[in-house]
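Could you look at this predicted model? Sequence included:
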Amino acid sequence: MDSVRELISPPPFLLQPPQAKIVACLRRQGPLSRTDIADITGYSRSTITTLVNELTDAGILEEMGDGESSGGRRPRVVSFRSDFGYIVAVDMGATGFDLAVADFNAVLLERVSMPIDVRDGAAPILGMLHRLTLEILERQAISPEKIYAFGIGVPGPVDFAAGILNAPPIMPGWDAYPIRAFFRSTFPNAIVIVDNDVNMMAQGELAAGAGRKHENFLFVKIGTGIGCGIVARGEIYRGSTGSAGDVGHICADRNGPMCHCGNVGCLEAIAAGPAIAHRASEAALAGRSAILKKYYEQCGGQMTAVEVGRAAAEGDKVANEIVRDSGYIIGEVLAGQVNFFNPSLILIGGGVSNIGLMFLSSIRSGILTHSLPLSTRHLRIDTSAIAQDAGLIGAAALALTNVFSEER
Ligand SMILES: [Zn+2]
């Protein structure tokens, strides 16, 4: 078909709906035999053969090795041609970013990490991304024209359609910055996809983590703030203005502390990393815990949730109480989301998620106590196993997904 044979226009490459269905199927499942593709998509074997041939002729797919045999002759499997094009994935946090170049089968060819202060603003940090990308491409002998997409996860609210940040509280100078235009001159064939970091993590879980087996799940990131990526029917749900999943600003206590958003008693003002550290510092200063006092002095008064987790692991009663309370309140708020959304999986990630088993068990207990039994019957609540890389994997997956679009 002409749309795939003549790949002369820049991405997103247009595919006809049946071709797009096969591409999406391989993106989600990995290499498959023609029979498997037919079973999953519902198309006949002969239709699949025609469609796969078209996509192979266009250089997008290729036949490779043997698939798993179910007895008898081993079927040939179809996968993406890894050198069809390449993508750049970026997972940016407040204090550093990870950057990777991946081939068309989502294999990371090379990755680098770089400390930054995201408050330095868009131009210097994008300049650094730009330079590092070109260095990797040179080492990998890949021409910049072969980069078909950038997937960039950022720690702030994003207007997904426009690819810009939307009044990000911790990223002054990034508001509405034209990130796409920045890369256009060097990477003329690349589309640039920008999304919130928590959505990228949920996307990573969907592509390569526990989320692979779930259609409806939540990824909750607990760090300096508390945010939630929502996967509904196998896709990220962003809401009408891109702010879906902002659970950190749900009111958890009408008489609670002031939040930086201007409201009172928001979940993250009570139970995110800084709140946990603040409570522990108070206890240390009031002489209520010798172990917390030890950590308080060790870090020169700059306590974080990590020290509170360590004190809890040493059996400190006050630290354990803080960890337990914080987890339980997060669980209570998540119970509301469970009643509303009925997910089959909740994954907990972010820097504060690993401050001890007690934290996870308290979150679990808060959720189970306050949700309806029917909504938790098949609910799994766990920490993310790929948390460290979920953002980067998700950015790569989202970039790859967006290289093609479907003809309407
Ligand atoms: Zn708030």
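Right, received. Where do you want to start?

Give the burial count for the nearest residue to Asn342 once chain neighbours are set aside, as a bare number.
Spatial nearest neighbour of Asn342, excluding adjacent residues (C-beta to C-beta, 6 or more residues apart in numbering): Ser375 at 5.0 Å. (Each C-beta comes from the backbone N, C-alpha and C, glycine too.) By other C-beta atoms under 10 Å, 18 other residues sit near Ser375.

quick one: Ser375 and Asn339 touch, right?
Yes. Taking contacts as C-beta atoms under 8 Å, Ser375 lies within contact range of Asn339: 5.7 Å.

Quick one: residues contacting Ala284.
By C-beta atoms under 8 Å, 6 or more residues apart in numbering, Ala284 lies in contact with 292-293, 295-296, 303.

The same query, at a cut-off of 6 Å, please.
292-293, 296 (C-beta atoms under 6 Å, 6 or more residues apart in numbering).

Check Glu205 too.
Contacts of Glu205 (C-beta under 6 Å, 6+ apart): 211, 219, 347, 390.

Just give me the closest of those residues to Phe183.
Ala390 (23.6 Å; C-beta to C-beta).

Is there a neighbour count for the nearest residue to the closest one once chain neighbours are set aside? I'd like the number.
Spatial nearest neighbour of Ala390, excluding adjacent residues (C-beta to C-beta, 6+ apart): Gly204 at 3.6 Å. Per other C-beta under 10 Å, the neighbour tally for Gly204 reads 30.

What strand or helix carries Gly204?
Per DSSP states H and E: Gly204 is located in helix 197-208.

what's the answer for His278, then?
Element membership of His278, judged by DSSP H and E, is helix 273-285.

Keeping just the C-alphas, turn the helix or strand that that helix is followed by into CSV.
Going down the chain from helix 273-285, the next helix or strand is helix 290-298, by DSSP H and E. Output in CSV follows, covering the C-alpha atoms of helix 290-298 (Å, rounded to 0.1, in the frame of the first residue of the first chain):
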residue,chain,number,x,y,z
ALA,A,290,17.5,9.0,70.3
ILE,A,291,17.9,7.2,67.0
LEU,A,292,16.2,10.0,65.0
LYS,A,293,18.4,12.5,66.9
LYS,A,294,21.5,10.6,65.8
TYR,A,295,20.4,10.7,62.2
TYR,A,296,19.4,14.4,62.5
GLU,A,297,22.8,15.3,63.7
GLN,A,298,24.6,13.1,61.1
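
which strands and helices sit next to helix 290-298?
helix 273-285, helix 305-313 (3 or more C-beta pairs under 6 Å, 6 or more residues apart in numbering; DSSP states H and E).

Using CSV, lay out these together with mean pLDDT.
Below are the helices and strands packed on helix 290-298 laid out as CSV (pLDDT from 0 to 100):
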stretch, mean pLDDT
helix 273-285, 97
helix 305-313, 95
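
between those, which one is nearest to Val333?
helix 273-285 (13.3 Å).

the domain parsing of the protein - what is it?
2-80, 86-204+390-406, 210-385 (automatic domain parsing).

For the ion, which of those domains is the nearest?
Closest of those to the ion is domain 210-385, at 3.1 Å (criterion: C-beta to the ion).

ok, back up a step: in JSON lines, list the domains of the chain along with distance to the ion.
Below are these laid out as JSON lines (distance: least, C-beta to the ion, whole Å):
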{"stretch": "domain 2-80", "distance to the ion": "35"}
{"stretch": "domain 86-204+390-406", "distance to the ion": "10"}
{"stretch": "domain 210-385", "distance to the ion": "3"}
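
Pick out the shakiest of those domains, pLDDT-wise.
Ranked by mean pLDDT, these end with domain 2-80 at the bottom, a mean of 84.

What is the longest helix seen in the chain packed up against?
Secondary structure of the chain read by DSSP state H shows that its longest helix is helix 317-341. With contacts defined as 3+ C-beta pairs under 6 Å, 6+ apart, the packing partners of helix 317-341 are helix 267-271, helix 273-285, helix 305-313, helix 357-370.

Please tell me how far that helix is from the chain's geometric centre.
22 Å (C-alpha atoms, centre = their mean, to the nearest Å).

which residues sit against that helix?
With contacts defined as C-beta under 6 Å, 6+ apart, helix 317-341 is touched by 250, 252, 267, 270-271, 276, 279-280, 283, 288-289, 292, 308, 311-312, 356, 358-359, 362-363, 366-367, 370-372, 375.
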